[in-house]
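Chemist: can't give you the sequence, but here's the structure:
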């Protein structure tokens, strides 16, 4: 898995394809050549000048590109076009082949999601967890507790959590493409673009929430987010904080995605066996 290439409008970069590499020229800095084969995923933040050759180069290398701004109200993902079905598309369809299989998938996803949510709560409220482990734990409990932990407005939370979730989603799409699964064939997010990527992102909600809480724990260091008219947005300093935190934990996040995909293949085999 290659590294993450972050490109922000802050340094006013101009990017174009140069053979199997891209050339990045940033204001006040010498240009640098980056071989596309070393890049696993690309995050472009804000208004950046790049040629279409750059996009096709990453597409040729099966590398997803996520475009977003610091409000995350405009997001796009570019993935390679392939007229052939993904390698495991037909096997994946078993998730939707019956009501029982759909419910089985939803139960599995809900259990995985709850485990990651409980890991978050163990970190912040260790004394509360024995009670939940005894009486049970649900989505409603988690959302109520999360409200008390975050200590910021709903709008501030969404501004930061959406950016972190977009970065997670980029990693998930990358792994789905490389595993031969169709990122669009979801169950919980059935008939949505990137439906399976959204399903996996839903499962990993506890991890993206954890990074959002950690961001706001450093909120006393001002200028990480700001308000423009009615909208909160993440500042350049805040974006660097998000990226730095994510990159420090990227290997663990990728490991979690791989674990989920392994279990997806186990689910497929289990359903195939059951259907004979």
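Modeler: Arrived safely. Quick caveat, the model's predicted, so the values are computed rather than measured.

Chemist: ok, for residue 40, nearest residue in space, not its chain neighbours?
Modeler: Beyond its immediate neighbours in the sequence, the residue positioned closest to residue 40 (Cβ to Cβ, 6 or more residues apart in numbering) is residue 2, lying 3.3 Å away. C-beta: built from backbone N, CA, C; applies to glycine.

Chemist: so where do the strands sit in the stretch 151-276 of the chain?
Modeler: Along the stretch 151-276 of the chain, counting by DSSP state E, counting those that start in this stretch, strands occupy 225-228, 231-234.

Chemist: Save those as a markdown table, and put in distance to residue 134, mean pLDDT and mean neighbour count too.
Modeler: Below are these laid out as a markdown table (distance: least, Cβ to Cβ, whole Å; pLDDT from 0 to 100; neighbours: other Cβ atoms under 10 Å):
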| stretch | distance to residue 134 | mean pLDDT | mean neighbour count |
| --- | --- | --- | --- |
| strand 225-228 | 38 | 86 | 14 |
| strand 231-234 | 38 | 87 | 18 |
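
Chemist: if I look at the nearest residue in space to residue 152 that is not next to it in sequence, how far off is residue 55?
Modeler: The shortest distance from residue 152 to any residue that is not its chain neighbour, by Cβ to Cβ, 6+ apart, is 5.6 Å, and that residue is residue 216. As for residue 216, its distance to residue 55 is 34 Å (criterion: Cβ to Cβ, to the nearest Å).

Chemist: again with residue 218
Modeler: Residue 218 sits at a distance of 34 Å from residue 55 (criterion: Cβ to Cβ).

Chemist: Which of these two has more residues huddled nearby?
Modeler: Regarding residue 218 and residue 55, a neighbour count based on other Cβ atoms under 10 Å identifies residue 55 as having more, with 16 against 11.

Chemist: helix or strand for the more buried one, which one?
Modeler: Residue 55 is part of helix 52-60 when elements are defined by DSSP states H and E.

Chemist: For that helix, name the packing helices and strands.
Modeler: strand 14-18, strand 76-78 (3 or more Cβ pairs under 8 Å, 6 or more residues apart in numbering; DSSP states H and E).

Chemist: again, only using 6 Å
Modeler: strand 14-18 (3 or more Cβ pairs under 6 Å, 6 or more residues apart in numbering; DSSP states H and E).

Chemist: Name the residues of the strand it packs on that come out as buried.
Modeler: 15, 17-18 (16 or more other Cβ atoms under 10 Å).

Chemist: And the contacts of that strand?
Modeler: Counting by Cβ atoms under 6 Å, 6 or more residues apart in numbering, the neighbours of strand 14-18 from elsewhere in the structure are 22-25, 49-51, 53-54, 57.

Chemist: Of these, which count as buried by neighbour count?
Modeler: Of those, these count as buried by 16+ other Cβ under 10 Å: 22-24, 50, 54, 57.

Chemist: Now compare those residues and name the two farthest from each other.
Modeler: 24 and 57 (12.8 Å; Cβ to Cβ).

Chemist: From one end of stretch 124-144 to the other, what's the distance?
Modeler: Here the two ends of stretch 124-144 are set 14 Å apart, with distance taken as Cα to Cα, to the nearest Å.

Chemist: thinking again about what came up before, which pLDDT value belongs to the residue nearest to residue 152?
Modeler: The model reports residue 216 with a pLDDT of 91.

Chemist: got it, and residue 1?
Modeler: What the model reports for residue 1 is a pLDDT of 63.

Chemist: Next up, phi/psi of the closest residue to residue 177 other than its chain neighbours, please.
Modeler: Distance criterion Cβ to Cβ, 6+ apart; nearest residue to residue 177, sequence neighbours excluded, is residue 62 at 5.6 Å. Dihedral angles of residue 62 (phi, psi; degrees, to the nearest 10) stand at phi 60, psi 30.
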